[in-house]
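J.: build me a model:
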Amino acid sequence: MSNENRAHHAHAALAHHARAIKSDGPDIDPESALHDLLTNLRHYCDANGLDFEAAAEMSNHHYNAEVA
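T.: Down below sits the predicted model:
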């Protein structure tokens, strides 16, 4: 999968999450949507015994390998 495809999939997930939690109109602010999703993922990790920080660190390793 190309990095362009990865970004496209991330956009689709972010837009879906933003629409799911937004109730006051169709406009989606990408930065706010990203903050909300990351916050909710932290809550998900807490509720399911997952280590968000470890996952974020591993994602950095994957990202660095993919852009190299």
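
J.: which residues sit against the strand or helix carrying His61?
T.: Using DSSP states H and E, His61 sits in helix 52-67. For helix 52-67, contacts defined as CB atoms under 8 Å, 6 or more residues apart in numbering pick out 3, 6, 41-42, 45-46. Glycine gets a C-beta too; all of them are placed from N, C-alpha and C.

J.: try 10 Å this time
T.: By CB atoms under 10 Å, 6 or more residues apart in numbering, the residues outside helix 52-67 that reach it are 1-3, 6, 38, 41-46, 51.

J.: by mean pLDDT, which helix or strand of the protein comes out lowest?
T.: Between all helices and strands in the chain, the lowest mean by mean pLDDT, DSSP states H and E belongs to helix 3-21, at a mean of 90.

J.: elements contacting the next helix or strand after that helix?
T.: Scanning forward in sequence from helix 3-21 by DSSP H and E, the next helix or strand is helix 30-48. Under the contact criterion of 3 or more CB pairs under 10 Å, 6 or more residues apart in numbering; DSSP states H and E, helix 30-48 touches helix 3-21, helix 52-67.

J.: for helix 30-48, which outside residues touch it?
T.: Identification of contacts with helix 30-48 by CB under 10 Å, 6+ apart yields 10-11, 13-22, 29, 50-56.

J.: again, but for stretch 10-17
T.: Here stretch 10-17 makes contact (CB under 10 Å, 6+ apart) with 28, 30, 33-34, 36-37, 40-41.
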